[in-house]
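Q: A predicted structure for the sequence below; I have some questions about it.
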Amino acid sequence: MESLVLPVLAAAIMLGLYFRKKTHPVIQFTPPGLGLFWAALILQGLYAAFWLMFGLGEVTRSISGGAIHLIPAVSAILLIFTARKLPLEGGLVLAVEGLLLAVYTVISIDAGASKLPAILFAAAPAILSGLLLLGAVGLALAAPKPK
């Protein structure tokens, strides 16, 4: 239950940044950066689809507690839509969220259990999406500007 706080907090931060800014800077991605950008958004979309599959499946079968799986799905979807307009901030928020989820997973799992699958499942999509977004922004900022 506590692990749901981080995705919701990340989505709230991104929504706050999105609505706080009146204009959003347009980042012109170069072809390799554009691929990284879309790879990050698709990875987050797959992560959201995974949670939606479980959440909707349990809700439609009237399993109590199934709606709790919809929380990470909705927060991932919100992060996708806001990161499209704010890729730098989205990359930072996703990477930090993933790192915090990894630390939380390591702390909360008993010592006898294998921690790697839990970390890969809980934190890897956010870390990888964040790093891909940051890489795309870095390539866009490092590209030579036309005169």
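A: Arrived safely, thanks for sending. This structure is a prediction, so every number in the text was calculated from the model and none was measured. Residues are numbered from 1 along each chain as shown.
Q: Quick check: buried residues in the longest helix along the chain?
A: Longest helix of the chain, by residue count under DSSP state H: helix 31-60. By neighbour count on 16 or more other Cβ atoms under 10 Å, the buried set for helix 31-60 is 33, 36-37, 39-41, 43-44, 47-48, 50-52, 54-55, 58-59. Just so you know, the C-beta spots here come from the backbone N, C-alpha and C atoms, and that holds for glycine as well.
Q: Okay, helices next: where are they in the protein?
A: For the chain, the helices defined by DSSP H occupy 5-20, 31-60, 70-85, 87-108, 116-122, 124-142.
Q: ok, residues contacting the first one?
A: The contact list for helix 5-20 (Cβ atoms under 8 Å, 6 or more residues apart in numbering) reads 24, 71-72, 74-76, 78-79, 82-83, 85-86, 89-90, 93-94, 96-97, 100-101, 104, 126.
Q: could I get the helices of the chain as a markdown table with mean pLDDT?
A: As requested, those are exported to a markdown table (pLDDT from 0 to 100):
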| stretch | mean pLDDT |
| --- | --- |
| helix 5-20 | 82 |
| helix 31-60 | 89 |
| helix 70-85 | 88 |
| helix 87-108 | 88 |
| helix 116-122 | 80 |
| helix 124-142 | 93 |
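Q: Can you tell me how far Ala83 is from Gly66?
A: If you measure Ala83 against Gly66 using Cβ to Cβ, to the nearest Å, the figure is 27 Å.
Q: higher neighbour count, these two?
A: More crowded of Ala83 and Gly66, by other Cβ atoms under 10 Å: Ala83, with 24 against 16.
Q: Before I go, just wanted to say thanks for your time.
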